[in-house]
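Chemist: just the structure for this:
(2 chains)
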Protein chains: 2
Amino acid sequence: MERKLVSETPGLIGQTIRLAGWVHNRRDHGKLIFIDLRDRSGILQMVVIPDKEEAYNVAKELRSQFVVEIEGLVKARPGGQAKESALGGVEIEVSGIRIISDVKEELPFDVSKKELELNPSTLFDNRNLALRNKKVNDIFKVYAQVLKSYGEVMRENGFMEIKSPKILSAATEGGANFFKIKYFDREAYLAQSPQFYKQAGVGAFERVFEIGSVFRAEPHFTTRHVNEYIGIDAEMGFIENFSDIMDQLEMVMKRIIADVKENCQEELKEYEGGEFLVPDKFPRIRLEEALEILKNEYGKEYLGIDIDPEGERLICDWAKEKHGSDFVFLTHYPVSIRPFYAMPSPDGKSTESFDLIFRGVEIGTGGQRINRYDDMVKSIQKHGLKPEDFKHYLDIFKIGMPLHGGWGLGSERIAQKILGLKSVKEAILFPRDVKRLTP
Amino acid sequence: MERKLVSETPGLIGQTIRLAGWVHNRRDHGKLIFIDLRDRSGILQMVVIPDKEEAYNVAKELRSQFVVEIEGLVKARPGGQAKESALGGVEIEVSGIRIISDVKEELPFDVSKKELELNPSTLFDNRNLALRNKKVNDIFKVYAQVLKSYGEVMRENGFMEIKSPKILSAATEGGANFFKIKYFDREAYLAQSPQFYKQAGVGAFERVFEIGSVFRAEPHFTTRHVNEYIGIDAEMGFIENFSDIMDQLEMVMKRIIADVKENCQEELKEYEGGEFLVPDKFPRIRLEEALEILKNEYGKEYLGIDIDPEGERLICDWAKEKHGSDFVFLTHYPVSIRPFYAMPSPDGKSTESFDLIFRGVEIGTGGQRINRYDDMVKSIQKHGLKPEDFKHYLDIFKIGMPLHGGWGLGSERIAQKILGLKSVKEAILFPRDVKRLTP
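Modeler: Coordinates of the predicted model:
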């Protein structure tokens, strides 16, 4: 008998079918045994009655996370017991159960609970089990939607997907944040962004995007940082100015949010991340203006010229209140705190660059890049670096590069803030931080 | 004036428009100057006449790969000169040219040639320039189509996209092929496959796929090997047997080929990879049978129980001739040459595993995995390994795993063999091998 999915059962009332999945939980109610069966499509209630002796005896042995095959009759469920979902209207009267795989140890927590409420180390030490909790599991449906939407909207806008190397011969952009690797008889480094390669991509393809691993050897211990994540990047040639990049990114974020709203309704309900405030144009505030706002409206004064995580949260509060927006672009970061390739603004002090803040967290950074060889060489020197260390990168600018720019986003931070998760790690299947390399 | 793309010009005859792109080449014909302009959509001929003095003087300065903006009138081209493509019917009568970026050095070769015919080191040393050659450039359109089709067909079949970590705490599956990295104050390793994590994904999501970086520290110097590539992986739970996995993979490959045939017609024409032979069912030959065929039909005898690259080529010749197929599955590799997690066949000697060979090259490997904890522990021991080294992996099997299996494919090898490229490196933007880490 062909296996059916839980989600198909509402259309199969009156039929005897075969299901397969995990025992989500088992409840003994007097003589009846109730099993919630989980497969990739949902969770459904099975009822085992003592008359079906063989199945009943197997059912008594079942524990959480046993893998089973179940044969039974699909029945409409008495109206009074109907739950919220469509599956609440259906149950299976079990006629046979076969155990495919059992469980070897006492489970540390009950995955069938609505909220696991575990501390982070328990959550991640027992990641394989925790991922079987519906609410935890659903994070990754939203995450997969983010990846899917990104690819779709980029392709529709004429961007070509590329894959750039993650092993580099030199630790460019400053060596401190690079992981070093032993590459046969020499040293190499793990890419901390596809920056140089996506710019090369502009020279060949004009518009490129990449979804790929990013490695950062930053010894941070925050809810915002991990040492390995999936960057979603883009770079586009033949822009007029850096507003074009923000326009494009605005379109991308609007599409991601719209798709998640449409396709992840159940997941959004569980997480109560709240209504999305996505105006047609996201507010674009110069960094210096933002610092003024923080001073005048929130009494928060910065000595330097940069903003900190608390400032990002506050400026998002402000954008929400004043512009009805969950997103805000901070623009024109000073030359001194941006990489050497950032295009300086006409004032010579700031850059044609931006950060995109979403619900209080920076989810990405971008801007226009210097595109002329001579300007790039000067900027490298001005930043105290040596042009000879950037030979291969500089080669790109020797052979004709248009005005261009792009962005890099943290894919997991997007999913995190869509769902209102406390830490970005919750949006990563198997997160890596300074202390954690397992499971 | 809004920038138009070259591909839009056949619909704009009689209009004055703005284009932007790279000078693909410049030809002086008597008084007229002809410029082929390349943008992301195609290559188009511009004509500059001496009467437009300002433009003409700029045109005289132009060299290959200058980035320019051009204003001009779209004109139908005299029929006799029409080339193969739609763009052959149109040209631009130039009224203005602006140089955006020039070229700083003598170019080592002419990218406007149909065939570059470079030796590999010149091709890769000058990769940024070579990628501007149409034929080289087009490889990556096909590659992007492979990635797109893979994601689409997997999602349609209920597979969820995951991203697994590439930094591992232990060099599992045998340490020799792992790159070692310095991870803060300890050692770590780069993932040589997402194997363990995609199996964990089965426990949580039943059907998962991943497109991600794979790192192999193999000191090979062949046209088949690189040290970093993009693996396209999948793993599926609740299979009946390992034929289900081959059925699924067959569907994937048929979809990729069909999409490439439909969307990359121009690229296929350039490369003359030949007709695709894609039967509904790909031949599935037991490895021992394949060795018999090689012996009887090609006089090639193997001492061992494995096949070599030449054998793979010959068995593909055979599959093409006997089954009209560019694809062939070799199945039932012996336990001794498969990883410990491969599910043994009932005979105890072979495994429920396969390699997929496409046009003479192995593009992927897969099979059913052991799914019961006790069996996995025994198999680890049988392979001379220590269960305690696989603690986190074994944890997956303690909490209930269905019959499952999957595959890992090399995405670049697929593109390579679709186009008939000599080396897999040609299908990688910036390939990494033992000697090459740049550009």
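Chemist: tell me the mean pLDDT for the helix or strand containing residue A:393?
Modeler: Here residue A:393, judged by DSSP states H and E, is contained in helix A:391-398. Averaging pLDDT along helix A:391-398 gives 94.
Chemist: same deal with stretch A:420-436?
Modeler: 93.
Chemist: quick check: residues of the stretch 151-300 of chain A near chain B?
Modeler: Taking Cβ under 8 Å from any Cβ of the partner chain as the measure of proximity, the stretch 151-300 of chain A contacts chain B at A:151, A:155, A:158, A:160-169, A:179-184, A:188, A:190, A:197, A:200-201, A:203-207, A:211-213, A:215, A:217, A:219, A:227-228, A:230, A:237-238. For glycine as for every other residue, the C-beta is placed from the backbone atoms N, C-alpha and C.
Chemist: before we move on, the earlier item: touching chain B at all, the helix holding residue A:393?
Modeler: Yes. Helix A:391-398 is in contact with chain B by Cβ under 8 Å from any Cβ, via A:392-393, A:395-398.
Chemist: so how do I select the buried members of those residues in PyMOL?
Modeler: Selection of the buried residues among these in PyMOL, burial being defined by 16 or more other Cβ atoms under 10 Å in any protein chain shown:
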select buried, chain A and resi 392+393+395+396+397+398
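Chemist: got JSON lines for the residues of helix A:391-398 next to chain B, with distance to residue B:287 too?
Modeler: Output for the residues of helix A:391-398 next to chain B, formatted as JSON lines (distance: Cβ to Cβ, whole Å):
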{"residue": "A:392", "distance to residue B:287": "44"}
{"residue": "A:393", "distance to residue B:287": "47"}
{"residue": "A:395", "distance to residue B:287": "47"}
{"residue": "A:396", "distance to residue B:287": "47"}
{"residue": "A:397", "distance to residue B:287": "52"}
{"residue": "A:398", "distance to residue B:287": "52"}
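Chemist: just the closest of the residues of helix A:391-398 next to chain B to residue A:321, please.
Modeler: residue A:393 (42.5 Å; Cβ to Cβ).
Chemist: what's the spacing between the closest residue to residue A:316 other than its chain neighbours and residue A:319?
Modeler: Counting by Cβ to Cβ, 6 or more residues apart in numbering or on different chains, residue A:360 is the residue found nearest to residue A:316 once chain neighbours are left out, at 4.5 Å. Separation of residue A:360 from residue A:319 (Cβ to Cβ, to the nearest Å) stands at 10 Å.
Chemist: more neighbours, these two?
Modeler: residue A:319 (26 against 18; other Cβ atoms under 10 Å in any protein chain shown).
Chemist: who's in contact with that one?
Modeler: A:283, A:285, A:325-328, A:357 (Cβ atoms under 8 Å, 6 or more residues apart in numbering or on different chains).
Chemist: mind redoing it with 6 Å?
Modeler: Contact analysis of residue A:319 by Cβ atoms under 6 Å, 6 or more residues apart in numbering or on different chains lists A:283, A:325, A:328.
Chemist: same deal with residue A:285?
Modeler: residue A:330.
Chemist: the helix or strand hosting it pairs with which strands?
Modeler: According to DSSP H and E, residue A:285 maps onto strand A:284-286. Strand A:284-286 pairs in its sheet with strand A:327-331 (parallel), by DSSP bridges.
Chemist: check the offset of the partner strand from the chain's centre.
Modeler: From the chain centre to the centre of strand A:327-331 is a distance of 20 Å (Cα atoms, centre = their mean, to the nearest Å).
Chemist: let me know the next secondary structure element after it.
Modeler: strand A:353-358.
Chemist: give me the distance between the residue located most distally from the centre of chain A and chain B.
Modeler: Within chain A, the residue lying farthest from the chain centre (Cα atoms, centre = their mean) is residue A:51, at 48.7 Å. Counting by Cβ to the nearest Cβ, to the nearest Å, the separation of residue A:51 from chain B is 27 Å.
Chemist: so what's the nearest residue to residue A:2 once chain neighbours are set aside bridging to?
Modeler: Spatial nearest neighbour of residue A:2, excluding adjacent residues (Cβ to Cβ, 6+ apart): residue A:18 at 7.0 Å. Under the criterion DSSP bridges, residue A:18 forms beta bridges with residue A:3, residue A:71.
Chemist: per-residue pLDDT, residue A:18?
Modeler: 98.
Chemist: just to revisit the earlier point, average pLDDT across the strand holding residue A:285?
Modeler: Strand A:284-286 carries an average pLDDT of 97.
Chemist: what of stretch A:163-175?
Modeler: 81.
Chemist: next: stretch A:140-151.
Modeler: For stretch A:140-151, the per-residue pLDDT averages 98.
Chemist: using CSV, write out every CA atom in it.
Modeler: Provided in CSV are the C-alpha atoms of stretch A:140-151 (Å, rounded to 0.1, in the frame of the first residue of the first chain):
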residue,chain,number,x,y,z
PHE,A,140,13.5,26.3,9.3
LYS,A,141,10.4,26.4,7.0
VAL,A,142,10.5,30.2,7.3
TYR,A,143,14.3,30.1,6.7
ALA,A,144,13.9,28.0,3.6
GLN,A,145,11.3,30.4,2.4
VAL,A,146,13.7,33.3,2.8
LEU,A,147,16.3,31.5,0.7
LYS,A,148,13.8,30.6,-2.0
SER,A,149,12.3,34.1,-2.2
TYR,A,150,15.8,35.6,-2.4
GLY,A,151,16.8,33.4,-5.4
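Chemist: which residues are in contact with that stretch?
Modeler: Contacts for stretch A:140-151 (Cβ under 6 Å, 6+ apart): A:232, A:255-256, A:259-260, A:263-264, A:267, A:411, A:414-415, A:427, B:160-161.
Chemist: highest neighbour count among the contacts of residue A:319?
Modeler: residue A:328 (26 neighbours).
Chemist: measure it to chain B for me?
Modeler: Residue A:328 is 27 Å from chain B, by Cβ to the nearest Cβ.
Chemist: give me the distance between the two termini of stretch A:275-282.
Modeler: End-to-end distance for stretch A:275-282: 16 Å, by Cα to Cα, to the nearest Å.
Chemist: test my guess that residue A:338 contacts residue A:354.
Modeler: No. Counting by Cβ atoms under 6 Å, residue A:338 stays clear of residue A:354, with 10.3 Å between them.
Chemist: between these two, who's got more neighbours?
Modeler: Shown here are residue A:338 and residue A:354; by other Cβ under 10 Å, residue A:354 has more neighbours (28 against 19).
Chemist: spit out the contact partners of the more buried one.
Modeler: Counting by Cβ under 6 Å, 6+ apart, residue A:354 touches A:329, A:331, A:366-367.
Chemist: try 8 Å
Modeler: A:242, A:245-246, A:284, A:329-333, A:365-367.
Chemist: any chance of a markdown table for these, columns neighbour count and distance to residue A:137?
Modeler: Shown next, in a markdown table, are the contacts of residue A:354 (neighbours: other Cβ atoms under 10 Å in any protein chain shown; distance: Cβ to Cβ, whole Å):
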| residue | neighbour count | distance to residue A:137 |
| --- | --- | --- |
| A:242 | 23 | 40 |
| A:245 | 24 | 35 |
| A:246 | 21 | 35 |
| A:284 | 17 | 37 |
| A:329 | 23 | 33 |
| A:330 | 26 | 35 |
| A:331 | 23 | 38 |
| A:332 | 22 | 42 |
| A:333 | 24 | 38 |
| A:365 | 19 | 31 |
| A:366 | 25 | 32 |
| A:367 | 23 | 37 |
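Chemist: between those residues, which sits nearest residue B:38?
Modeler: Residue B:38 lies nearest to residue A:245 out of the contacts of residue A:354, by Cβ to Cβ, at 22.4 Å.
Chemist: if I look at the closest residue in space to that closest one that isn't next to it in sequence, how far off is chain B?
Modeler: Distances taken as Cβ to Cβ, 6+ apart place residue A:405 nearest to residue A:245, at 4.6 Å, with adjacent residues excluded. Residue A:405 is 14 Å from chain B, where distance means Cβ to the nearest Cβ.
Chemist: parallel or antiparallel, which strands does the one helix or strand residue A:405 maps to pair with?
Modeler: Residue A:405 belongs to strand A:404-410 when elements are defined using DSSP H and E. Its sheet considered, strand A:404-410 pairs with strand A:228-237 (antiparallel), strand A:361-369 (antiparallel) by DSSP bridges.
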